[in-house]
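**Q** Following is a predicted model, sequence given first.
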Amino acid sequence: MDNELVREEVRRASVLPRPVFYLVWVGAALIMAAGVLFFIGSAVPWKPFWVYEYRVTPNLVCPGEDINVQIKRSVKPPWPPGGSYTVVVRSSWQNVDTAKSTPITETTLNQEEAQAGMGYGTDWVESPLIREAPTEPGRWRLLGTYAVSGKVFIIPRSYRVEEVSPPLLSTLPADAPACK
């Protein structure tokens, strides 16, 4: 008789009521689904914006003269569809001979501004920051850092693109005959 009472007590202790069993099962399923979404959001390749190179016209100018800087960039649709991202752009000129840099300029672009009216794909677009030549004479290269951030599902993602150009621009001394 004692064995039957012990068995009955063990059976009662190990059996959950149906509503509690279903709540535990649903909770476990939700935790698994969140884990899968986190894994997918962390593992999926996500590079919607990339910068490849720069070009400058004209490439021989007087100090402070207006110039046109263009960026070769690639823009892909965000994933998942409907997602968005922002790009923080920092750029400056660096003198090739002295390593002296101009002050860093910075701006934040949303997804539409990063596309620059060109849509998706790889295109040359005008730089959102650099518009005039350095004020000192010398040979200059352009330094650019692009910090891209957004969300894949609910997982925050970010990366940096750093682009250093070869010498692109030469500024003449202010007293040069071409600058008068």
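**A** On my side now, so go ahead.
**Q** for the lengthiest helix in the chain, packing partners?
**A** The longest helix of the chain (DSSP state H) is helix 18-43. Counting contacts by 3 or more CB pairs under 8 Å, 6 or more residues apart in numbering; DSSP states H and E, helix 18-43 packs against strand 138-152, strand 155-164. The C-beta positions use only the backbone N, C-alpha and C, and glycine is treated the same way.
**Q** Most tightly packed of these?
**A** With neighbours taken as mean count of other CB atoms under 10 Å, those reach their highest mean count in strand 138-152, at a mean of 19.
**Q** Which elements pack onto it?
**A** helix 18-43, strand 49-57, strand 85-95, strand 155-164, strand 169-171.
**Q** Apply 10 Å and report the result again.
**A** On a contact count with 3 or more CB pairs under 10 Å, 6 or more residues apart in numbering; DSSP states H and E, strand 138-152 meets helix 18-43, strand 49-57, strand 68-75, strand 85-95, strand 105-110, helix 111-115, strand 155-164, strand 169-171.
**Q** what's the offset of it from the middle of its chain?
**A** 10 Å (CA atoms, centre = their mean, to the nearest Å).
**Q** what residue ranges in the protein score low on pLDDT?
**A** For the chain, the stretches with pLDDT under 70 are 1, 10-15, 79-80, 117.
**Q** Kindly state the domain boundaries assigned to this protein.
**A** 2-42, 47-179 (automatic domain parsing).
**Q** can you list the residues that contact stretch 106-124?
**A** 48-50, 52-55, 70-78, 83-92, 125-129, 145-150 (CB atoms under 10 Å, 6 or more residues apart in numbering).
**Q** 8 Å instead?
**A** For stretch 106-124, the surrounding residues in contact (CB atoms under 8 Å, 6 or more residues apart in numbering) are 48-49, 52, 55, 70-78, 84-90, 125-126, 128-129.
**Q** would JSON lines of the helices and strands packed on helix 18-43 with distance to residue 177 be doable?
**A** Shown next, in JSON lines, are the helices and strands packed on helix 18-43 (distance: least, CB to CB, whole Å):
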{"stretch": "strand 138-152", "distance to residue 177": "18"}
{"stretch": "strand 155-164", "distance to residue 177": "32"}
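**Q** Identify whichever of those strands lies nearest to residue 5.
**A** Closest approach to residue 5 among the helices and strands packed on helix 18-43 is made by strand 155-164 (53.4 Å; CB to CB).
**Q** List the neighbouring strands of the closest one plus their orientation.
**A** In the sheet, strand 155-164 lines up against strand 138-152 (antiparallel) (DSSP bridges).
**Q** picking that back up, hey, which of the helices and strands packed on strand 138-152 is tucked in deepest?
**A** strand 169-171 (a mean of 21).
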